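Novice: need the 3D shape of this:
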Amino acid sequence: MEFGFTIPKSTDGEGLCRFARAVEDLGFGSVWAADHIVLPSGETDRYPYTEDGRFTAQADDPQLDVFVTLSYIASATSRIKIGSTVVIVPYRNPIVQAKMFTTLDTLTNGRVICGVGVGWWKEEFDALGASHADRGPVTDEYLQIFRILWNEESPEFHGQFYDFSGIKFAPKPVQKPDIPIWVGGHTRRAARRVIKYGDAWHPTRQTPEYVASMIEYMRGYAEEQERDFDEILISLKRSLHFSDIGFGESTGIRSKAAVIASTQEVIDDVRRCADLGFDQLNFDFRSKDIDECIRTMEHFAEKVVPQL
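Specialist: Here you go, the predicted structure:
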């Protein structure tokens, strides 16, 4: 099993590079950045990953651009994968997005993971002039466009939401056949999107048992689509907070399925995920303190990984 870690919410550029280098030096597989462009100032009760629907971030928390941030921290590393968890696909022009991912893949010599999702916060869609109602089919169409641009010498596409022809797109990705697409979301619609367009399923804030319960459905749908389900990776993202290394309890809103536990309980949880057949676990943090996040990763590397 591989492990990845998402950068904390911080504007300390050197600190974020230090965090990324720590991920690499500790032997983990990937470092990740999340995507929001604006946060509405009003509260919400529609966030799908907390019990009461409140979002885990504050409206004035820093939301760095995901592509610029990944480029910045990529320059501080040389081996680990660099991924988005997740780019909200309907927010940006699909050709521009495909170009940004390809540029990152070229400059990092093939280290990029394209994590994607449909988004959820209507007010953010409204602020960006994007259609919240159409976010699912728009995402499906844009993912098709990514693949066409990354693979075809004379790409063209004629869809409901986007249309182009008579263009060239270069360079192509370093990775072959192209950049892996990890699809977020936890619903059956998201699961079908994985089978149709993805290389991995990357749900967030779900229990291992819930993820495992979806696998049978996904296998059946993969068979319908004549897709080999065993080619698809399973990656679960949750918050990680050790309760027994002196950090106390964070004051942040607790997301669903967060791993807030003793070291032994974390070991047991990771073993459970391995037994269920998961390929990767991705963790973010309840703390914004970069040093505390690095210490959490060090503890995970020193006390958890050797027990697996």
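Novice: going forward, measure contacts between C-alpha atoms and count neighbours the same way
Specialist: Fine.
Novice: residues in contact with the helix or strand of the chain with the lowest mean pLDDT?
Specialist: The least trusted helix or strand in the chain, going by mean pLDDT, DSSP states H and E, turns out to be strand 259-261, with a mean of 92. With contacts defined as Cα atoms under 8 Å, 6 or more residues apart in numbering, strand 259-261 is touched by 238, 239, 240, 241, 242, 243, 244, 266.
Novice: okay, and the beta partners of the fourth one?
Specialist: It stands for residue 241. residue 260 (DSSP bridges).
Novice: surely it meets residue 286?
Specialist: Yes. With contact defined as Cα atoms under 8 Å, residue 241 counts as touching residue 286 (6.7 Å).
Novice: so which of those two has more stuff around it?
Specialist: Remark: of residue 241 and residue 286, residue 241 carries more neighbours, 26 against 22, as counted by other Cα atoms under 10 Å.
Novice: so the more buried one versus residue 283, what's the distance?
Specialist: 9 Å (Cα to Cα, to the nearest Å).
Novice: now residue 100: closest residue in space, sequence neighbours ignored.
Specialist: With Cα to Cα, 6 or more residues apart in numbering as the measure, residue 67 is the residue that lies nearest to residue 100, at 7.1 Å, once sequence neighbours are left out.
Novice: just give me the neighbour total for that neighbour.
Specialist: 18.
Novice: for residue 169, same thing?
Specialist: 17.
Novice: can you give me the helices for this structure?
Specialist: Listed in chain order, the helices of the chain (DSSP state H) span 13-25, 66-74, 94-107, 122-128, 135-151, 188-197, 208-224, 263-275, 290-299.
Novice: not counting its neighbours along the chain, what's nearest the residue nearest the centre of the chain?
Specialist: Centre of the chain computed as the mean C-alpha position; nearest residue by Cα atoms, centre = their mean is residue 85, 1.9 Å away. Leaving out its chain neighbours, the residue that sits closest to residue 85 by Cα to Cα, 6+ apart is residue 34, at 4.8 Å.
Novice: wait, what's in contact with the one you found?
Specialist: By Cα under 8 Å, 6+ apart, the contact set of residue 34 is 6, 66, 84, 85, 86, 87.
Novice: of those, closest to residue 168?
Specialist: Proximity of these to residue 168 was ranked by Cα to Cα; the top entry is residue 87 with 24.2 Å.
Novice: if I look at the closest one, how far off is residue 159?
Specialist: The gap separating residue 87 from residue 159 is 21 Å, by Cα to Cα.
Novice: now swap in residue 146 and tell me
Specialist: From residue 146 to residue 159 the distance is 13 Å (Cα to Cα).
Novice: more neighbours: which of these two?
Specialist: Taking other Cα under 10 Å, residue 146 and residue 159 do not tie; residue 146 has more neighbours (22 against 12).
Novice: got a pLDDT number for the more buried one?
Specialist: Per-residue confidence at residue 146 stands at 98 (pLDDT).
Novice: check contacts around it.
Specialist: Contacts of residue 146 by Cα under 8 Å, 6+ apart are 94, 95, 98.
Novice: quick one, grab the pLDDT at the nearest residue to residue 174 once chain neighbours are set aside.
Specialist: The shortest distance from residue 174 to any non-neighbouring residue, by Cα to Cα, 6+ apart, is to residue 110 (5.0 Å). The model reports residue 110 with a pLDDT of 98.
Novice: again, but for residue 252
Specialist: So residue 252 comes in at 61 (pLDDT).
Novice: likewise for residue 94?
Specialist: At residue 94, pLDDT is 98.
Novice: got it, and residue 7?
Specialist: pLDDT, read off for residue 7, is 97.
Novice: for the stretch 201-308 of the chain, which spans come out with low pLDDT?
Specialist: Low-confidence segments of the stretch 201-308 of the chain (pLDDT under 70): 249-254.
Novice: residue 154: what's it in contact with?
Specialist: Residue 154 neighbours (Cα under 8 Å, 6+ apart): 165, 166, 167, 168, 169.
Novice: might one say that the second one is in contact with residue 156?
Specialist: This means residue 166. Yes. The pair residue 166 / residue 156 is scored as a contact, 7.0 Å apart, by Cα under 8 Å.
Novice: right, I'll leave it there.
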